[in-house]
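Student: give me a 3D structure for the following:
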Amino acid sequence: MPTFNQLVRKGRQESVKKSTAPALQRGYNSLKKKATDTSAPQKRGVCTAVKTATPKK
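Tutor: This is a model prediction of the structure:
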């Protein structure tokens with residue numbers, strides 16, 4: 001536990017929060033094939049694979 005004087009001198013460091021979805025923080029330019037710095041919230045919930053399943057017996 002820091003003393004009051006230590007808190008006055010240095011203060012408390014704010015914890016860095018990591019993003020739960022870092023891929024949504026940047027966009028993608030498919031024409032130039034480069035990532036952009038603009039966010040892309042429309043990508044949330046995108047279907048990543050399309051598969052067919054054979055019917056059950």
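Student: on contacts alone, who are the packing partners of the worst-scoring helix or strand of the chain on mean pLDDT?
Tutor: Least confident element among the helices and strands of the chain, by mean pLDDT, DSSP states H and E: strand 27-29 (a mean of 79). Applying 3 or more CB pairs under 8 Å, 6 or more residues apart in numbering; DSSP states H and E, one finds that strand 27-29 contacts strand 34-36. Yep, even glycine has a C-beta here, placed from its N, CA and C like the rest.
Student: on that earlier part again, got the contact list for the least confident helix or strand of the chain?
Tutor: Strand 27-29 has contacts (CB atoms under 8 Å, 6 or more residues apart in numbering) with 34, 35, 36, 37, 38, 39, 40.
Student: all the helices of this protein, residue numbers only.
Tutor: Assigned by DSSP state H, the chain shows helices spanning 4-10.
Student: give me the low-pLDDT residue ranges for it?
Tutor: The model of the chain has pLDDT under 70 over residues 40-42, 45-46.
Student: ok, now which ones touch the most centrally placed residue in the chain?
Tutor: Centroid check for the chain by CA atoms, centre = their mean gives residue 22 as the closest residue, at 2.1 Å. Listed by CB under 8 Å, 6+ apart, residue 22 has no contact partners.
Student: quick one on the thing from earlier: most surrounded residue in the contacts of strand 27-29?
Tutor: Among the contacts of strand 27-29, residue 40 has the most neighbours (other CB atoms under 10 Å), with 15 neighbours.
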